[in-house]
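*Asks:* need a 3D model of the following:
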Amino acid sequence: MKRYGILSVAFLLLVSCSKTESDTLIISEGECIEKIAVKQDTHRVSDADYTATTRLFQQNSIPLQGLRIVQYDTETIILNGVSNSYVHIKVAQYSGDLPFFYGEIGYHFKDGKFYYLSGDKLTTTLSPVGKLPLRAVRTLYFKAFATYNQQRNFYKAADFMNKCVDAELGYYPVKTSSTPTKIVRAWHVTPKGKQYPEAYIDDENSETIYFFDGIMSLSK
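*Replies:* Below you'll find the model as predicted:
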């Protein structure tokens, strides 16, 4: 391993692990956690699709506030000689600056008129200010990782301990079969630049809501 001077190491860490000093915690060389945020107005569609979406929403008196456009699809269906044009728009929901994890809903239009909403509209009065410090979020992520490793080893926590992780604060809709959906403020944590393994950690009680390695198991 090459040795770098103190200034060189500090520079490499800042470049690789941080965007600003306020949203990144560097614990040691290569080991850090960065708070990331996907802003509501960073839509994931082309300019043309964004323009078409805003036009449809305005024509149907649907507010676009608090929605991030993530998908725009069109199709034409001919039935009994009659042609109908459909537009399907998927959006991510936000409350203020924070997203609702698993909160995507679909707006469906037929011949320019809204006719169907798929998914549930979500709201919350919870504060957007996180309670857990970044160091604690990182610790809880690897605690959940260790619990996962007690049963599965597709990924090993030890392989990620000296690497940076990303953490995004948002709202998580906790659903059960017997109780109404409860919105909690939570952290979504992943290895930096990767999707998996991921964890959702309750910002209020520090419990793991969900940990997933991205591997779907099919039982016979």
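*Asks:* centroid residue for the protein?
*Replies:* Most central in the chain under CA atoms, centre = their mean is F101, positioned 5.4 Å from the mean C-alpha point.
*Asks:* so who does that residue touch?
*Replies:* G170, Y171, Y172, P173, A186, H188, Y200 (CB atoms under 8 Å, 6 or more residues apart in numbering). Heads up, the C-betas are built off the backbone N, CA and C, glycines and all.
*Asks:* which of the residues you listed sit farthest apart?
*Replies:* Greatest spatial distance among those (CB to CB): P173 and H188, at 13.0 Å.
*Asks:* host element of the nearest residue to D23 once chain neighbours are set aside?
*Replies:* In space, and not counting its chain neighbours, D23 is closest to K35: 4.2 Å by CB to CB, 6 or more residues apart in numbering. Assigned by DSSP states H and E, K35 belongs to strand 31-36.
*Asks:* give me the sheet partners of that strand and which way each runs.
*Replies:* Strand pairing for strand 31-36, determined by DSSP bridges: strand 24-28 (antiparallel), strand 165-174 (parallel).
*Asks:* in a markdown table: those, plus mean neighbour count and mean pLDDT.
*Replies:* Conversion of the strands paired with strand 31-36 to a markdown table gives the following (neighbours: other CB atoms under 10 Å; pLDDT from 0 to 100):
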| stretch | mean neighbour count | mean pLDDT |
| --- | --- | --- |
| strand 24-28 | 16 | 78 |
| strand 165-174 | 20 | 97 |
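*Asks:* now render those as TSV, adding distance to K143.
*Replies:* Formatted as TSV, the strands paired with strand 31-36 follow (distance: least, CB to CB, whole Å):
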stretch	distance to K143
strand 24-28	15
strand 165-174	13
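*Asks:* who wins for proximity to N149 among these?
*Replies:* Comparing those under CB to CB, the one sitting nearest is strand 165-174, at 16.1 Å.
*Asks:* distance between the closest one and the chain's centre?
*Replies:* Centroid separation for strand 165-174 versus its chain: 6 Å, with CA atoms, centre = their mean, to the nearest Å.
*Asks:* same for the helix or strand just after it, what does it pack against?
*Replies:* In the C-terminal direction, the helix or strand that comes right after strand 165-174 (DSSP H and E) is strand 182-191. Contacts defined by 3 or more CB pairs under 8 Å, 6 or more residues apart in numbering; DSSP states H and E place strand 182-191 against helix 134-149, strand 165-174, strand 198-202.
*Asks:* still on that earlier bit, G96 is nearest to which of the strands paired with strand 31-36?
*Replies:* Nearest to G96, of the strands paired with strand 31-36 and by CB to CB, is strand 165-174 at 9.7 Å.
*Asks:* any regions of this protein where pLDDT drops low?
*Replies:* 1-22, 29-30, 218-220 (pLDDT under 70).
*Asks:* state the distance from the residue nearest to the centre of the chain to A157.
*Replies:* When CB to CB, to the nearest Å is applied, the distance between F101 and A157 equals 22 Å.
*Asks:* the nearest residue to A144 once chain neighbours are set aside: what's it in contact with?
*Replies:* Using CB to CB, 6+ apart and skipping the chain neighbours, the partner closest in space to A144 is T208 (4.2 Å). If a contact means CB under 8 Å, 6+ apart, then T208 has L140, K143, A144, T147, A199, Y200, I201, D202 as its contacts.
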